[in-house]
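Colleague: Got a predicted structure here, sequence first:
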Amino acid sequence: MAAKRKTKGAYMISAVAEMYEIHPQTLRLYEREGLLKPSRTEGNTRLYTDEDLERLEFILNLARDLGVNIAGIAIILQMRERMEEMNRQMQNFVEYVRTEMLTRFQQAQPGAPGAMVPIRKPVMARDGGAAKTAAARKP
């Protein structure tokens, strides 16, 4: 099913339809439904990039091999995009935490310039009064 692409570039609708053995109207339908978003020339000709073709292969796999209808394909594509965005956000967060931990670890090294002072955990007084640090409670 996967078409073999040897070059990078843009493909016209007739070439894409032939490569994937589908009717050009199917490609137009996928565009109308928002599943594909090919670029356009000044003359309004659709041009499909390699990324568009990868997406088309995924769509055709869902439709042909798994029997998913257009509404289901749209939902799956939306969920896939959300998952990719969440993955990017999670990777950014993990990188931030890693960088922050390395910075704090380096600052905590004895004798390091700008070394951090250990933070003491506040402890509630037994009488329900204001919080005091563990060091402040010692006589």
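Modeller: Yep, it's here. Numbers count the residues shown, from 1 in each chain.

Colleague: which non-adjacent residue is nearest residue 30?
Modeller: Leaving aside its chain neighbours, residue 30 sits nearest to residue 36 (4.5 Å; criterion: C-beta to C-beta, 6 or more residues apart in numbering). The C-beta positions use only the backbone N, C-alpha and C, and glycine is treated the same way.

Colleague: what about that neighbour, which helix or strand?
Modeller: Assigned by DSSP states H and E, residue 36 falls within no helix or strand.

Colleague: tell me the pLDDT at residue 28?
Modeller: Residue 28 is assigned a pLDDT of 97 by the prediction.

Colleague: what's the nearest residue to it if we skip its chain neighbours?
Modeller: With sequence-adjacent residues excluded and distances taken as C-beta to C-beta, 6+ apart, residue 28 is closest to residue 13, at 7.7 Å.

Colleague: that older thread, ok, now how distant is the residue nearest to residue 30 from residue 47?
Modeller: Distance check for residue 36 against residue 47: by C-beta to C-beta, to the nearest Å, it reads 12 Å.

Colleague: quick one, which of those two is more surrounded?
Modeller: Taking neighbours as other C-beta atoms under 10 Å, residue 36 and residue 47 compare with residue 36 leading, 20 against 16.

Colleague: phi, psi of the more buried one?
Modeller: Main-chain dihedrals, residue 36, degrees, to the nearest 10: phi -120, psi 150.

Colleague: Over to the one 10 residues further on?
Modeller: Comment: the main-chain dihedrals of residue 46 come out as phi -70, psi 140, following degrees, to the nearest 10.

Colleague: For residue 102, see how far away it is.
Modeller: Counting by C-beta to C-beta - residue 46 and residue 102 are separated by 48 Å.

Colleague: what about those two, which has more around it?
Modeller: For residue 46 versus residue 102, neighbours defined as other C-beta under 10 Å are more numerous around residue 46 (21 against 10).
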